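A.B. asks: any chance you could fold what I've pasted below:
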Amino acid sequence: MKKLAKLDLNRCPQNHGCPSIRVCPVGAITQKNRRSAPVIDEALCIGCGKCAMFCPRKAIFMVKED
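C.D. replies: Residues are numbered from 1 along each chain as shown. Here you go, the predicted structure:
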């Protein structure tokens, strides 16, 4: 079972640069601009959970996938 990072858009303010981008060791989180929601590339995500721990609004969380 693999863990993946997911984004809850209702918790993400989407009005600033996503702080979790800089802690992702594989660059799986991107953002088109500072006013857009971050995007998590599930193909790149290694399930380490660093982004979820670093997100101040807890908008990024981990889920187990089959």
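A.B. asks: now do residue 18, the pLDDT please.
C.D. replies: Per-residue confidence for residue 18 comes out at a pLDDT of 95.
A.B. asks: actually, residue 65.
C.D. replies: The predicted structure scores residue 65 at 85 on the pLDDT scale.
A.B. asks: go ahead and confirm it touches residue 4.
C.D. replies: Yes: because the distance of 5.3 Å satisfies CB atoms under 8 Å, residue 65 is recorded as touching residue 4. From N, CA and C alone the C-beta is placed, and that goes for glycine too.
A.B. asks: neighbour count winner among the two?
C.D. replies: Comparing residue 65 with residue 4 by other CB atoms under 10 Å, the one with more neighbours is residue 4, at 16 against 12.
A.B. asks: assign a three-state SS to that one, would you?
C.D. replies: For residue 4, the secondary-structure state derived from DSSP: H, G, I helix; E, B strand; the rest coil is strand.
A.B. asks: what bridges to it?
C.D. replies: For residue 4, the residues forming beta bridges with it (DSSP bridges) are residue 63.
A.B. asks: can you pull the contacts of it?
C.D. replies: The neighbourhood of residue 4, defined by CB atoms under 8 Å, 6 or more residues apart in numbering, consists of 40, 42, 45, 47, 62-63, 65.
A.B. asks: of those, which is the most crowded?
C.D. replies: Neighbour tally across the contacts of residue 4 (other CB under 10 Å): the maximum, 21 neighbours, falls on residue 45.
A.B. asks: neighbours around the residue lying closest to that residue once chain neighbours are set aside, how many?
C.D. replies: Excluding the flanking residues, the one nearest residue 45 by CB to CB, 6 or more residues apart in numbering is residue 28, at 4.4 Å. Counted with other CB under 10 Å, residues neighbouring residue 28 total 22.
A.B. asks: quick check, residue 28 in contact with residue 49.
C.D. replies: No: because the distance of 11.9 Å does not satisfy CB under 8 Å, residue 28 is recorded as not touching residue 49.
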